[in-house]
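1. 3D, please:
(one chain, ligands or ions: 3)
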Amino acid sequence: MPEAVPFNKHFPVSWEELHRNAKALAWRLIDKGPWKGIIAITRGGLVPAAIIARELELRLIDTVCVSSYDHQNQREAMVLKGVEGANAGEGEGWLIIDDLVDTGKTAVIVRRMLPKAHFATVYAKPAGRPLVDTFITEVSQDTWIHFPWDIELQFSQPIAKRHRGD
Ligand SMILES: O=P(O)(O)OC[C@H]1O[C@H](OP(=O)(O)OP(=O)(O)O)[C@H](O)[C@@H]1O
Ligand SMILES: O=c1[nH]c(=O)c2nc[nH]c2[nH]1
Ligand SMILES: [Mg+2]
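-> Ligands and ions are numbered 1, 2, ... in the order given. Predicted coordinates for the structure are as follows:
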């Protein structure tokens, strides 16, 4: 297994940016349909999936529940729930939505379940990029993306102080 890359950079995302980028993803996906429905990868895929479902007027939504990080520490991926019944078959005509692809481990697991589905994320890092069919924004592998549901407004040190290492 490749060495874990330390997260040296931080990329905070606001609700507005997330909304705008999820809508941009919907624009990219509209011509690639028609779509039978969405399979959201919980939990990170839930918010983008809701925005995309609204824009593409999709009302059939299922989840695949996967968990593989304790904050920034990656561990063995756990599949807590697969696709309900045989609803999506091999996934043809279905959209899989997640917030991001990082190492690609989660994407490999879900792609194995639904090999014919279209995998779309809002953000992608280079290691996971080959596993995604459509995405909006790429960030470097050593960047941690901070989603709006994980952060809160608080005091931030002036850049000069941070630069000096105070
Ligand atoms: O490409 P990978 O290295 O597999 O990482 C990407 C996955 O990691 C995060 O989920 P996480 O397992 O942290 O669960 P969460 O969505 O419930 O926060 C993120 O939402 C993706 O699903
Ligand atoms: O909030 C998150 N930001 C990330 O950059 C990331 N990579 C894997 N899982 C992640 N979760
Ligand atoms: Mg996730």
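2. Give me the distance between residue 154 and residue 129.
-> For residue 154, the distance to residue 129 (CB to CB, to the nearest Å) stands at 32 Å. Backbone N, C-alpha and C define where each C-beta goes, glycine included.
3. Is any residue of the longest helix along the chain near ligand 2?
-> Criterion DSSP state H: the longest helix present in the chain is helix 15-30. No. Contact of helix 15-30 with ligand 2 (CB under 6 Å from any ligand atom) is absent, the minimum separation being 11.5 Å.
4. Please name every helix or strand in contact with that helix.
-> Other elements packing on helix 15-30 under the criterion 3 or more CB pairs under 8 Å, 6 or more residues apart in numbering; DSSP states H and E are helix 46-56, strand 118-124, strand 134-138.
5. cutoff 10 Å now
-> Here helix 15-30 touches helix 46-56, strand 94-101, strand 118-124, strand 134-138, going by 3 or more CB pairs under 10 Å, 6 or more residues apart in numbering; DSSP states H and E.
6. Could I get these in JSON lines, plus columns for mean pLDDT, distance to residue 11 and mean neighbour count?
-> Formatted as JSON lines, these follow (pLDDT from 0 to 100; distance: least, CB to CB, whole Å; neighbours: other CB atoms under 10 Å):
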{"stretch": "helix 46-56", "mean pLDDT": "98", "distance to residue 11": "16", "mean neighbour count": "20"}
{"stretch": "strand 94-101", "mean pLDDT": "98", "distance to residue 11": "10", "mean neighbour count": "26"}
{"stretch": "strand 118-124", "mean pLDDT": "98", "distance to residue 11": "8", "mean neighbour count": "25"}
{"stretch": "strand 134-138", "mean pLDDT": "98", "distance to residue 11": "9", "mean neighbour count": "17"}
